[in-house]
Structure formats: structure tokens, C-alpha cells
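Sequence plus the predicted model coming up.
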Amino acid sequence: MTAAELLAALFPSGHSVREEGGLLFGTGPAAGGEVAVVGTSGGLEVGVESALALSAFVLEVARRHPGRPLLSLLDSRGQRMSRRDEILGLAGYLAHLSRAVEVTRRRGHRVIAVVYGEASSGSALALGFLADEVHAVAGARISVMNLPAMARVTKIPLDRLEEASRGSPVLAPGLESYVRLGGVESIWQPPFSKALAEALARPPGPDRRSERGQERGGRLLALSVRERVREGEP
Amino acid sequence: MTGPARSFREATARRRLEGVLDPGSFREILGPAHRLTSPHLAALDLPVSFDDGAVVGSGLLGGRPVLAAAQEGGFMGGGVGEVHGAKLAGLLGLAERQPWAGVLLLLDSGGVRLQEANAGLLAVSEVMRAVLSARAASVPVVALVGGGWGCFGGMGIVARCCDAIAMSEEGRLGVTGPDVLETTKGVEELDASDRAAVWRTYGGKHRYLLGEADRLIEDDLSAFREAAMELLSARRDLGLEELEREHRHLGRRLEEFGGCADARDVWRAAGVEDPDRLPGLEPADFRAAVRAARRGDR
């Protein structure tokens, strides 16, 4: 699904989101008022400039529009991989974007993320996964790395990895895996405008992804280990 | 300083914790006796570890109660899997429950553990949120980076989400590490075996000069201990004004150094005299040499 198709489905009465160089900025109308829209398109790999531009928009929403919900739309293959980005400190730019989203949420803005294309690694962490709720549309793809590349890096034979990934949400790239692990709350069904309104209407809460992973049978240890450490169990 | 230097880099995760915290004060939480191993590694017939490569607990630092976690680079390169990440996130959750003086994260990690990639990515995300949540609850979180695996992938972002970072010269910090960069973009982008180029790109000196690291210290457990004590007292507000200030700082960095293809060009553009001598300087001399040029003083 393209950004234009998604935006048309989210805001059937129109919107002011512009798509520029793989970045999405603007607003759209929802039941309770305007929603700020920020995101990436065309699989954009997020480098230092785009991370800074995304942060600027998020901080502007926090500064000028108190309480306005933030909708983050994600189609990104991950962080831009280059020597220049690393020299300039991409970790700092992605962390800055992460803090901007987090602080905006803590100031009372509802933050909803929708993965509509790809989502991977650095950009997924900084822009998408900090939302109150992460949703996706059918056909979206979330991964760390494809299996052939994983085989090269881990030196585990590809057929072994393919065999192990069957039925293993921990290893198999793809949207269904992330739903079972609790990283994606739901796969939205049309009409998306209704799904958005429902998500915006729910109250914010703590990070419940490990609970979801437990309920859905994808991550059987994350919740209990986290709770036991939080209790200080010797 | 008394006694011979004890290398942080060469120490195991537990030795690092012992060396950084007050002697004998570390109390491990959910230690190896519980044998909480990764089921995902076992499914691939790979070796497991009874602590899954993450040692977490409480201790004293200069007499003040703190929480501390250390990643064991010797197990799966400090890679973050389901259990490993849950231990880090749980410790940060504990930080919000009592008046701790802070949390120390001794990071040594290539990032997500690929053998449990999806669970690892979510775990890193949960750690990020837990760091920011602890900070929002006014608990300072300090990252110490000086292990053999550096601090890469999502853990590089986690480190920069903390209040402050102390790095040794040998420490390395980034998102896309040298091996992944060479594998995906080719040896022309970065030759991962060229130690000088890797060091210039990711190393402690460059990170300190740029303002990505707050302290540049010797590869010595006592030096990390002193830096941790100092940085715990330098809590940084996690609010809109502070983020707007940081935004201007990061914007200026792109204006000043955006055209640089190599870290040496950054050092030159920053006004460091004779940048080619920087690699050979001891940390104290280095700090003096770049004091005027350093962009990160806050």
C-alpha cells in the first residue's frame, strides 16, 4: 500500500499531509479534532537529516499543539547505512527522535503508529515502536534482516534457519510474527478511518507488549522475567 | 590513582560490576542459579548461558544505592534476546519503585541477537522505553561503554537515550557497526579490518569530540567508577526545552560537519590544531587538545 492510498483511507474527507523526499508531514481530521501525521514513505532509510526533520515536526506538535494526537506512518527499510551517517552520530539523531516521541506522549498526546510498508531496525525503534499502540495494515512487512543475510552473519546454514523459522515467530520475518510476539497490537481492517478513531479513543497506558506476547503465545518468557527482576527476586 | 590499571575492556561482565561498584556490594537479581536460558538458542542447538548474557542487580556506588546491569560480550557478542532484554527492562522498571540514586548500564553489545531476531528487536524497544520511563521518573541512567563489542545497533540508540555516556578510547558506539556496513555497502564504504578507520568512525575520542559521549576516560575500572559517580549527579531533564536545545545542537552539527567524509575532516572543521596527532594522545592530553573545539559541552 502506498502512503497516498493509506492517507486516503485514513482521512476520506481529505487531509493536508505532504509527501516529500520520503517523509510525511501534515494533519488530518479525526473525530476529536486534528491529528498530526508524521512518517516515512517508499521504504526510506532514515539518516541523520531525515531523523532531524522528523524530530523537528514532532517537537513542533508538542510545542504548538498541546494534546494533539500524533499518528506515525511507517514504511522504512531501517536506518541509512553509511559511513557518513555513523561519523555524524546517527545513534544520537535516532535517540533524539525517540526522546521527542516519548516526551510528546508524556505531555498528553496520544501516539499511534501504523506500519503500512516495511519496518526494520533503527527507524522502527525510533519512530514506530515508541507509540502507545503499534498497528499495521495487511501486507506490511516487519523484520530485522532477511533469512539469507541472517544465515551469512550467524553462519547457520540457510536451510536450517528456514526450517527453524517455520512456526517460530521469534525467527520468521513478517507481520504475523510481530503480532504473535506482541509488538503489533492488531492488523487493521477497513475502514481505516474507523480503526484510527477507535485507537484514538482508547486511554493511554504502560508498555503492554510483553503481556500481549504472553497472551498470544509468541514470547513465553519476556513478561515473567521482566516481572521477576522488577520484584528484585534474588 | 593507586594500584595498577585494571582493564575494563578485558574484564567479564561480573568483574566489571565488581570493579565499578563499591567492593563487595553487588547483589545479583535473578542470577544464574535460576538457569533462565534462551529457548530460542536451544532450538537451534546453540550453546546457552545461565544468565543469557545479562547480569543485573543492585549495589552501592560511593555509598549510594544504585542498580546496575552489565552485558557479557563473551556470550553471543552481548546480543539482545528475549530473556537478556527482559532482564534489562525489568531492572529499569525496578528503578522506578524505590528511591535509587540511579541505574548504570555497562553496555557491550552488537545489538539484536540475530538468532532470535524479532524478539530481540522488541526487547531492545522495550529497554528503550524503560530507560526513558525511568528518566521521566527522575532516576538518572548512565551508560558505560568500553567493552570489546562496543555498543551497536539498537543498543547504540539505547545508550544515547540515557542521561549520559562515559566511554573509553577503545569503546565504540554507533548504529550500523563496521561488519554490517562492510557486508551491506561494500569494503569501499568501510573496511572493517582497517582498525584506524573503524576507530575514527566509532571510537571514544571521536564520540567525545562530537558531543555524543560526555566523558572520555582510560580503559580502567577505577576510571569508569569515578565517571559513573560524577555522571549520576548530572541528571539531565527530559523535557521539551531540553529537547529543543539538543535539537539546535544536532542541527548545528549537520551544518558544520555535514560535508565531512571522514572523522579527520570533522576534527579539522571543528578547529582542532593538527588533527592527525589526535589518535596518539592519551585521554587527558586529548581532552585538553580538543577542549576548545568540543561541541558537546552542556
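Looks like it arrived, so ask away. Numbers count the residues shown, from 1 in each chain, chains lettered A, B, ... in the order given.

Find the helix or strand that B:A143 is a member of.
strand B:141-145 (DSSP states H and E).

Could you confirm whether that strand reaches chain A?
No - using C-beta under 8 Å from any C-beta of the partner chain, strand B:141-145 stays clear of chain A, with a minimum separation of 10.7 Å. Just so you know, the C-beta spots here come from the backbone N, C-alpha and C atoms, and that holds for glycine as well.

And the residue of chain B closest to chain A?
Closest to chain A within chain B is B:G90: 2.7 Å, counting by C-beta to the nearest C-beta.

surely that residue meets A:V229?
Yes - taking C-beta atoms under 8 Å as the definition, B:G90 is a contact partner of A:V229 at 2.7 Å.

follow-up on the earlier one: what lies in contact with the strand holding B:A143?
Strand B:141-145 has contacts (C-beta atoms under 8 Å, 6 or more residues apart in numbering or on different chains) with B:8, B:20, B:92, B:95, B:102-108, B:131, B:134-135, B:151, B:158-159, B:161-168, B:171-173, B:204, B:213, B:224, B:227-228, B:231-232.

For B:I165, what are phi and psi?
phi -130, psi 130 (degrees, to the nearest 10).

Spatially nearest residue to B:A234 (excluding sequence neighbours)?
Nearest residue to B:A234 in three dimensions, chain neighbours excluded: B:A164, at 5.9 Å (C-beta to C-beta, 6 or more residues apart in numbering or on different chains).

Next one, pLDDT for the one you found please.
Looking at B:A164, its pLDDT is 97.

For it, give me its contacts.
B:140, B:142-143, B:214-215, B:231, B:234, B:236 are the contacts of B:A164 under C-beta under 8 Å, 6+ apart.

Got a ChimeraX select line for the buried ones in these?
Applying 16 or more other C-beta atoms under 10 Å in any protein chain shown to these, the buried members can be selected in ChimeraX as follows:
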select /B:140,142,143,214,215,231,236
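
Pick out the lowest-pLDDT one from the contacts of B:A164.
Among the contacts of B:A164, B:A234 has the weakest pLDDT, 82.

tell me the contacts of that one?
Contact analysis of B:A234 by C-beta under 8 Å, 6+ apart lists B:140, B:163-164, B:214.

now B:S7
Contacts of B:S7 were listed using C-beta under 8 Å, 6+ apart, and they are B:219-221.

Next, work out how far apart the nearest residue to B:V145 once chain neighbours are set aside and B:R207 are.
Of all residues not flanking B:V145 in the chain, B:G171 sits nearest, at 4.1 Å (C-beta to C-beta, 6+ apart). For B:G171, the distance to B:R207 (C-beta to C-beta, to the nearest Å) stands at 8 Å.

Repeat that for B:V83.
B:V83 is 29 Å from B:R207, by C-beta to C-beta.

Any chance of CSV for the contacts of B:S7, columns secondary structure, distance to chain A and pLDDT?
CSV is the format used below for these (DSSP: H, G, I helix; E, B strand; the rest coil; distance: C-beta to the nearest C-beta, whole Å; pLDDT from 0 to 100):
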residue, secondary structure, distance to chain A, pLDDT
B:D219, coil, 21, 97
B:D220, coil, 24, 97
B:L221, helix, 25, 98
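
contacting residues for the residue lying closest to B:G110 once chain neighbours are set aside?
Spatial nearest neighbour of B:G110, excluding adjacent residues (C-beta to C-beta, 6+ apart): B:G77 at 4.3 Å. If a contact means C-beta under 8 Å, 6+ apart, then B:G77 has B:109-110, B:149 as its contacts.

Tell me if B:G77 really is in a helix.
Yes - the assignment for B:G77 (DSSP: H, G, I helix; E, B strand; the rest coil) places it in a helix.

okay but the residue nearest to B:V145 is in contact with B:G150, surely?
Yes - in this structure, B:G171 is within contact of B:G150 by C-beta under 8 Å, at 6.5 Å.

Contact partners for residue 111?
Just going to use chain A. Going by C-beta under 8 Å, 6+ apart, the list of residues near A:V111 reads A:69-70, A:72, A:101, A:104-105, A:130-132.

ah, I was thinking of chain B
Here B:G111 is in contact with B:79-80, B:120, B:124, B:152-156, B:177 (criterion: C-beta under 8 Å, 6+ apart).

returning to what we had before: list residues touching both of B:G90 and A:V229?
Joint contacts of B:G90 and A:V229 (C-beta under 8 Å, 6+ apart) are B:29-30, B:56.

now, which of those residues lie close to chain A?
Restricting these to those near chain A - C-beta under 8 Å from any C-beta - leaves B:29-30, B:56.

Where do the strands of chain A begin and end?
A:18-20, A:23-30, A:33-40, A:43-46, A:70-74, A:76-79, A:111-115, A:118-120, A:133-137, A:141-143, A:186-188 (DSSP state E).
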